[in-house]
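J.: Dropping a prediction and its sequence here:
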Amino acid sequence: LGRIEPLDGTRVLAGPSGFSAAGAVISELRVKEGDWVEPGQILAVLDGFNLYQAEVSRQQELLEEAQVALKRLQGLSTSQSISVSSLDEARYRASTLQAELGVAEARVEMTLLRAPQRGQVLKIYTFPGEKVGIEGVLELGETDKMTVVAEVYETDVQRVAPGQIATISSPALEQAATGKVIKVGYRVGKMDVLSSDPVADTDARVVETTILMDNPAPMQRLTNLQVDVEIQP
């Protein structure tokens, strides 16, 4: 038995961690299910965004004023008309405001949910007006590279190797599909995909084996579908 999933699996994105995410509510959702996204793309905005963006604007104004004052004092220092302590104080203020601006910009970034990878939005769990929960915000996967994760019995795993051809079948597929073994796991565990056969050995020990499909198109909307796998020796 096996299950269909995108190459490298799926990824559920949580809300940003830290001070801005406690009880965070989605203010804006910029994608919908089925959309493709690129790394770094903003997917959702939390409700603290406007407040922190306003703080950034305020800190930028204060920093600009401090930099103008510092530049004026530096000009006067050449004529020895100001004290060294006054110039040092102006430099310290400009430096402090620069650091505070960085903190404000970091707060803004904490209210933005960005894509960590290229992928397709498979499922949205949290919509605008809803609080981000333990289920996360949305799920991503590279569905143009589909795989089948086959659960090979531990007694058969020595007969499986990368490069072998596999045939995938399921009533949900119009016809059998083919793929190639690209990875044999390193850990023996219990079966995750359970057969409907009442006499099946549900306590069997298996090794997960990944098969990259030759044609991912028929499987792009079938993530987690249970399939039957036959690996050619």
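T.: Right, received. Where do you want to start? Numbering: from 1, shown residues only.
J.: Tell me the buried residues in stretch 27-40?
T.: Buried positions in stretch 27-40, judged by neighbour count with 16 or more other CB atoms under 10 Å: 29, 31, 37. Every residue, glycine included, has its C-beta placed from N, CA and C.
J.: which helices and strands sit right next to the longest strand along the chain?
T.: The residue-count maximum for a strand in the chain (DSSP state E) belongs to strand 177-190. Contacting strand 177-190 under the criterion 3 or more CB pairs under 8 Å, 6 or more residues apart in numbering; DSSP states H and E are the following elements: strand 146-153, strand 165-169, strand 205-213.
J.: For the ones you listed, please prepare a markdown table with the additional fields mean pLDDT.
T.: Supplementary listing: the helices and strands packed on strand 177-190 in a markdown table, determined by pLDDT from 0 to 100:
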| stretch | mean pLDDT |
| --- | --- |
| strand 146-153 | 95 |
| strand 165-169 | 96 |
| strand 205-213 | 95 |
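J.: okay if I get those strands as a markdown table plus mean neighbour count and distance to Tyr125?
T.: Converted to a markdown table, the helices and strands packed on strand 177-190 look like this (neighbours: other CB atoms under 10 Å; distance: least, CB to CB, whole Å):
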| stretch | mean neighbour count | distance to Tyr125 |
| --- | --- | --- |
| strand 146-153 | 22 | 22 |
| strand 165-169 | 18 | 29 |
| strand 205-213 | 21 | 26 |
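J.: Which secondary structure elements does the helix ranked longest in the chain sit against?
T.: Longest among the helix segments of the chain by residue count, using DSSP state H, is helix 49-77. Helices and strands in packing contact with helix 49-77 are listed as strand 26-29, helix 84-110; criterion 3+ CB pairs under 8 Å, 6+ apart.
J.: Report the inter-axis angle for that helix versus helix 84-110.
T.: Here helix 49-77 runs at 160 degrees with respect to helix 84-110, directions being taken by axes from the mean of the first three to the mean of the last three CA atoms, to 10 degrees.
J.: how about the residue nearest in space to the middle of the chain, secondary structure?
T.: The C-alpha lying nearest the average C-alpha coordinate of the chain belongs to Pro116 (CA atoms, centre = their mean; 4.1 Å). Three-state assignment for Pro116 (DSSP: H, G, I helix; E, B strand; the rest coil): coil.
J.: Run through the residues that contact Asp228.
T.: Under the criterion of CB atoms under 8 Å, 6 or more residues apart in numbering, the contact partners of Asp228 comprise 1-2, 168-170.
J.: swap the cut-off to 10 Å and go again
T.: Asp228 sits next to 1-2, 148, 150, 167-171, 176, 195 when contact means CB atoms under 10 Å, 6 or more residues apart in numbering.
J.: what about it, which helix or strand?
T.: When secondary structure is defined using DSSP states H and E, the element that contains Asp228 is strand 226-231.
J.: what about the nearest residue to Leu62 once chain neighbours are set aside, distance to Asn50?
T.: Using CB to CB, 6 or more residues apart in numbering and skipping residues adjacent in sequence, the residue nearest Leu62 is Leu97, 5.3 Å away. When CB to CB, to the nearest Å is the yardstick, Leu97 and Asn50 sit 22 Å from each other.
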